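1. Attaching a predicted model along with its sequence, questions to come.
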Amino acid sequence: MSQAVPAARAPAAEAVVLDLASDALDRLYARLPVSPWVVGVGIFTALAALYVLATAITGELAEFLARNTSLLTDRNARLGLLLPILIAYIPTAQRVLALASRRHLATLAGGRTGPTPAPLGSRGLVMALFVLFVPLTAFFVDRDTLLYFRAGYWSAATSSNWLLGGLFCLVFARFGHATLSWSRAFTRAAPPAEQIDLFDRDWLAPFASQGLLCALLWLAIPTIFALNVGDAPFAVLALPLTLGCIAVGWAALWLPTSGVRHSLVEAKRDELARVHRALKGDRGALRALAVAPREPEPSLTDLIAYERFIRELPTTPFDQGNRIRFLLYLALPLGSWLGGALVERAIGLFLD
């Protein structure tokens with residue numbers, strides 16, 4: 001322990017900078033000199049404008065306005081608003097995650113960047129598989145299979161929602177793939193146990209920040225989707241989506257810190273072993289302790305107190321404040337479900 005170096009300068013952190021700028025969306029966000037959220041608003045505006053234009057050309061927009069129906073109570077209109085929001089939000093969240101990840105990894109590497117490792121698995125295959133959720137969702141919502149062959153079903157609004165649903169599945173799978181890839185990078189960024197200073201926990205902040213940001217970005221998805229809770233079939237769909245996002249959010253919280261937690265456990269175990277040997281009179285073990293340079297030499301009472309201190313050290317980068325924040329993030333989908341149901345009920349009473 002006396003030879004430990006600050007973990008922020010650990011060589012292991014130098015070779016984990018990940019760059020997923022490999023498609024048109026990534027390049028769009030990277031090249032525009034504005035905040036990713038501004039780009040997201042632009043994507044939403046473009047998609048919503050195209051949706052309105054398509055329904056206006058076919059006369060469906062005029063029919064909707066003539067009915068004086070709320071956006072939340074009309075399924076096509078609600079999806080025409082909700083899906084562009086999600087399609088714009090998810091790649092924006094992915095860009096925000098990429099920027100934060102590079103910043104956190106650079107901090108861990110002492111400001112240096114290293115070679116770019118390959119991303120995890122085949123993103124194209126994952127995205128293609130997720131597109132299958134579009135027909136599965138449609139058949140779950142409208143279980144009458146003959147409905148899709150009836151005249152008038154494939155209106156501009158319905159066709160647009162099918163297309164938007166496919167885009168949503170693509171960006172959703174893409175975001176999940178990127179999240180796991182960045183998480184793997186942080187797992188590899190953990191310094192080895194022999195380089196960890198158990199007395200300094202400030203260097204753990206990038207790991208905790210990365211996990212909390214991932215969780216927040218993922219839990220926002222079911223929070224937005226909760227606009228559907230007033231529509232019974234979609235409310236049922238919201239449950240697996242919420243559970244899935246919570247699972248990914250939990251994994252995104254756990255995976256980036258798994259490597260450093262393992263290193264902390266090893267460092268703590270090794271230091272405890274040295275303390276135990278020092279208590280038995282091993283002078284070499286005593287000189288290797290982190291408290292060995294102190295004067296006077298640690299007494300038996302000091303070693304017993306130090307052993308208790310090391311044993312009680314946490315082996316996670318999350319403090320109490322981080323845990324409370326994560327619990328608050330978990331409450332977001334539940335709160336949006338409740339709020340969406342109340343709004344839907346109020347609109348129904350008003351229209352009745």
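-> Great, that's in hand. Numbers count the residues shown, from 1 in each chain.
2. How many residues are close by Arg311?
-> Residues contacting Arg311 under the criterion other Cβ atoms under 10 Å number 11. C-betas here are computed from N, CA, C, even on glycine.
3. Nearest residue to it in space, please, no chain neighbours.
-> If you skip the residues right next to it in sequence, Arg311 has Leu272 as its closest partner in space, 6.6 Å away by Cβ to Cβ, 6 or more residues apart in numbering.
4. Please tell me I have it right and that neighbour contacts Glu312.
-> No - counting by Cβ atoms under 8 Å, Leu272 does not reach Glu312; the two are 11.1 Å apart.
5. Comparing the two, which shows the higher neighbour count?
-> A count of neighbours by other Cβ under 10 Å puts Leu272 above the other of Leu272 and Glu312, at 15 against 8.
6. so how far is Glu266 from the more buried one?
-> As judged by Cβ to Cβ, to the nearest Å, Leu272 and Glu266 stand 11 Å apart.
7. Tell me the buried residues in stretch 303-314?
-> Neighbour counts over stretch 303-314 (16 or more other Cβ atoms under 10 Å) mark 303, 306-307, 310 as buried.
8. How far off centre is it?
-> Between the centre of stretch 303-314 and the centre of its chain there are 35 Å (Cα atoms, centre = their mean, to the nearest Å).
9. what do you get for stretch 147-165?
-> The offset between the C-alpha centroid of stretch 147-165 and the centroid of the whole chain comes to 32 Å, using Cα atoms, centre = their mean.
10. Then stretch 45-55?
-> Distance of stretch 45-55 from its chain centroid, counting by Cα atoms, centre = their mean, is 29 Å.
11. And for stretch 255-270?
-> Centre-to-centre, stretch 255-270 and its host chain are 22 Å apart (Cα atoms, centre = their mean).
12. now do stretch 252-265
-> For stretch 252-265, the gap between its own C-alpha mean and the chain's C-alpha mean amounts to 16 Å (Cα atoms, centre = their mean).
13. Send me that stretch as PDB with only the CA atoms.
-> Only the C-alpha atoms of stretch 252-265 are listed here, as PDB (Å, rounded to 0.1, in the frame of the first residue of the first chain):
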ATOM      1  CA  ALA A 252     -25.800   0.700 -16.500                       C
ATOM      2  CA  LEU A 253     -25.400   1.600 -12.800                       C
ATOM      3  CA  TRP A 254     -23.700  -1.700 -11.900                       C
ATOM      4  CA  LEU A 255     -21.600  -2.500 -15.000                       C
ATOM      5  CA  PRO A 256     -19.400   0.700 -15.100                       C
ATOM      6  CA  THR A 257     -18.500   0.100 -11.400                       C
ATOM      7  CA  SER A 258     -18.000  -3.600 -11.500                       C
ATOM      8  CA  GLY A 259     -14.300  -3.400 -12.300                       C
ATOM      9  CA  VAL A 260     -13.500  -0.800  -9.700                       C
ATOM     10  CA  ARG A 261     -15.600  -2.600  -7.000                       C
ATOM     11  CA  HIS A 262     -13.600  -5.800  -7.700                       C
ATOM     12  CA  SER A 263     -10.300  -3.800  -7.400                       C
ATOM     13  CA  LEU A 264     -11.500  -2.200  -4.200                       C
ATOM     14  CA  VAL A 265     -12.400  -5.600  -2.700                       C
END
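14. That concludes my questions; thank you for your assistance.
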